[in-house]
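>>> heads up, no residue letters with this:
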Ligand SMILES: Cc1ncc(COP(=O)(O)O)c(C=O)c1O
């Protein structure tokens, strides 16, 4: 994850770190002063590359990072990141000592877990924990004030555990109808009022809540999708409070081109048959790269024009119908801009009948990430592709 190893392939995802930096600055500016922004860099930063993403957002003003699993947090620590990191999901109690050793904070939501975890932590170490409250997401978390109070009591009594934070997660913050959101917020406030102390970080807001509601900021927010220049939902798109810039684009190059005659077919199942003499180009990307078979028929960009994918997408290759001959090596953009044309991540999500989050997460590690940073300190362009 996150490493720029050398690649010899004409397919790459470009990650524009200048855009990521700008989106982060815009988010920080939009929030009340002194709000701690924890950037969600789980799942390899939603497919963008965890280490490069983390370094950029921290430089742009993020205070800390959130991930889903301890493995992800340790990878970030090993890369030299010293900012606070919180694991949002489940961690095995027997791994509590490892988390403490790496100064990684964990979400906690079971009393039995605490009892099992305490003996795993070295005598001189202390594990930072955030109490997770389930106010309506129905996933993980404590639901009752009495449970929260009991957990706080155990935390305050233990030298091995440090009560660093408390949080919840919204299920519907990205929808116009705010009834369910308000109920969750009220439940969280009521759970907070049962505490005797105030931990350092109190957080509820994801991108949608932080950008489109102003009543759930507390002193900390957890922002994912908006950093990457994407909207949490179609509904929220027109309300976006700043000019967002999509960070990830996806590209490949023509590796073969041929003219086929009327009646000739292309791909597995001979799924496409030419109705006239046609130019067909082959590009080296397929479903094993996350460019999945449901994208058959999707348009891509060649010489600034929209052209269709024809036939079934193969594991490693895809065929495209061109309006004319184009040279080998011509760049094909699957996501992003060419000339005046733009294929957004949302367009791909719509074709796949899914959400933009899933599109970027789907792009597999086989696709090298190329990091572009032109305006930042040092003006670096980190290329993981061998041209
Ligand atoms: C617990 C939690 N907090 C924050 C986030 C970030 O959400 P978003 O990407 O919508 O900002 C997520 C994303 O899945 C999450 O699960």
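Here it is on my side, so go on. Keep in mind the model is a prediction, meaning the values are calculated, not measured. Numbers count the residues shown, from 1 in each chain.

>>> Enumerate the residues of the stretch 1-150 of the chain near the ligand.
Within the stretch 1-150 of the chain, the residues that sit near the ligand (CB under 6 Å from any ligand atom) are 40, 88. All C-beta spots, glycine's among them, are computed from the backbone N, C-alpha and C.

>>> Show residues contacting stretch 196-208.
With contacts defined as CB atoms under 8 Å, 6 or more residues apart in numbering, stretch 196-208 is touched by 36, 38, 40, 130-131, 149, 152, 156, 163-170, 173-174, 184-185, 188, 192, 213, 216-227, 232-233, 236.

>>> Give me the subset of those that lies in strands.
Judged by DSSP state E, these include 36, 38, 40, 130-131, 163-167, 220-223 as members of strands.

>>> per-residue confidence at residue 211?
The confidence metric pLDDT takes the value 96 at residue 211.

>>> do residue 380 as well
At residue 380, the pLDDT recorded in the model is 46.

>>> What of residue 170?
We note a pLDDT of 98 for residue 170 in this prediction.

>>> my guess is residue 52 is in a helix, correct?
Yes: counting by DSSP: H, G, I helix; E, B strand; the rest coil, residue 52 is located in a helix.

>>> Just the buried residues from the contacts of stretch 196-208, in PyMOL please.
This is the PyMOL syntax for the buried subset of the contacts of stretch 196-208, where burial follows 16 or more other CB atoms under 10 Å:
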select buried, resi 36+38+40+130+131+152+163+164+165+166+167+168+169+170+173+174+184+185+188+192+213+216+217+218+220+221+222+223+224+225+226+227+232+233+236
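
>>> Which secondary structure element is home to residue 103?
Per DSSP states H and E: residue 103 is located in neither a helix nor a strand.

>>> Please tell me how far it sits from residue 223.
Distance from residue 103 to residue 223, counting by CB to CB, to the nearest Å: 22 Å.

>>> now swap in residue 358 and tell me
Going from residue 358 to residue 223 by CB to CB gives 18 Å.

>>> what's the answer for residue 30, then?
Using CB to CB, residue 30 is found at 10 Å from residue 223.

>>> give me the residue from the chain nearest the ligand.
Taking CB to the nearest ligand atom, the ligand has its nearest neighbour within the chain at residue 224, 2.4 Å off.

>>> Backbone dihedrals for that residue, please?
Dihedral pair for residue 224: phi -120, psi -90, per degrees, to the nearest 10.

>>> That one and residue 40 touch, don't they?
Yes: taking contacts as CB atoms under 8 Å, residue 224 lies within contact range of residue 40: 3.1 Å.

>>> what sits in contact with each of the two?
Contact criterion CB under 8 Å, 6+ apart; residues shared by residue 224 and residue 40: 46, 206.

>>> Same list, the ones in strands among the contacts of stretch 196-208, but as TSV with pLDDT please.
Output for these, formatted as TSV (pLDDT from 0 to 100):
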residue	pLDDT
36	98
38	98
40	98
130	98
131	98
163	98
164	98
165	98
166	98
167	98
220	98
221	98
222	98
223	98
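
>>> and those, which two are the farthest apart?
Farthest-apart pair in those is 163 and 223; separation 23.5 Å (CB to CB).

>>> Name the nearest of the ones in strands among the contacts of stretch 196-208 relative to residue 330.
Using CB to CB, the ones in strands among the contacts of stretch 196-208 come closest to residue 330 at residue 40, 36.3 Å.

>>> Just list the residues touching that closest one, thanks.
Going by CB under 8 Å, 6+ apart, the list of residues near residue 40 reads 46, 65, 66, 67, 206, 222, 223, 224, 225, 227.

>>> how about 10 Å then?
Contact partners of residue 40, counting by CB atoms under 10 Å, 6 or more residues apart in numbering, are 46, 53, 57, 65-68, 86, 88, 206-207, 222-228.

>>> before we move on, what about residue 72?
1-2, 41-45, 50, 65-66, 85, 87-89, 104.

>>> cool, residue 257 as well?
Taking CB under 10 Å, 6+ apart as the test, what residue 257 contacts is 279, 280, 281, 282, 320, 322, 325, 326, 327, 328, 330.

>>> From those residues, keep the buried residues only.
279, 280, 281, 282, 320, 322, 326, 330.

>>> tell me how far the ends of stretch 87-101 are from each other?
14 Å (CA to CA, to the nearest Å).

>>> Identify each buried residue in it, please.
Residues 87, 88, 89, 90, 91, 93, 95, 96, 97, 98, 99, 100 are the ones in stretch 87-101 that count as buried (16+ other CB under 10 Å).

>>> again, but for stretch 111-126
Buried, per 16+ other CB under 10 Å, within stretch 111-126: 113, 114, 117, 118, 120, 121.

>>> Would you confirm that residue 184 contacts residue 143?
No: taking CB atoms under 10 Å as the definition, residue 184 is not a contact partner of residue 143, at 11.5 Å.

>>> what touches both of those two?
133, 134, 135, 136.

>>> Wasn't residue 347 part of a strand?
No: judged by three-state DSSP, residue 347 forms no part of a strand; its state is helix.

>>> how deep is it tucked in, by neighbour count?
Using other CB atoms under 10 Å, residue 347 is surrounded by 15 other residues.
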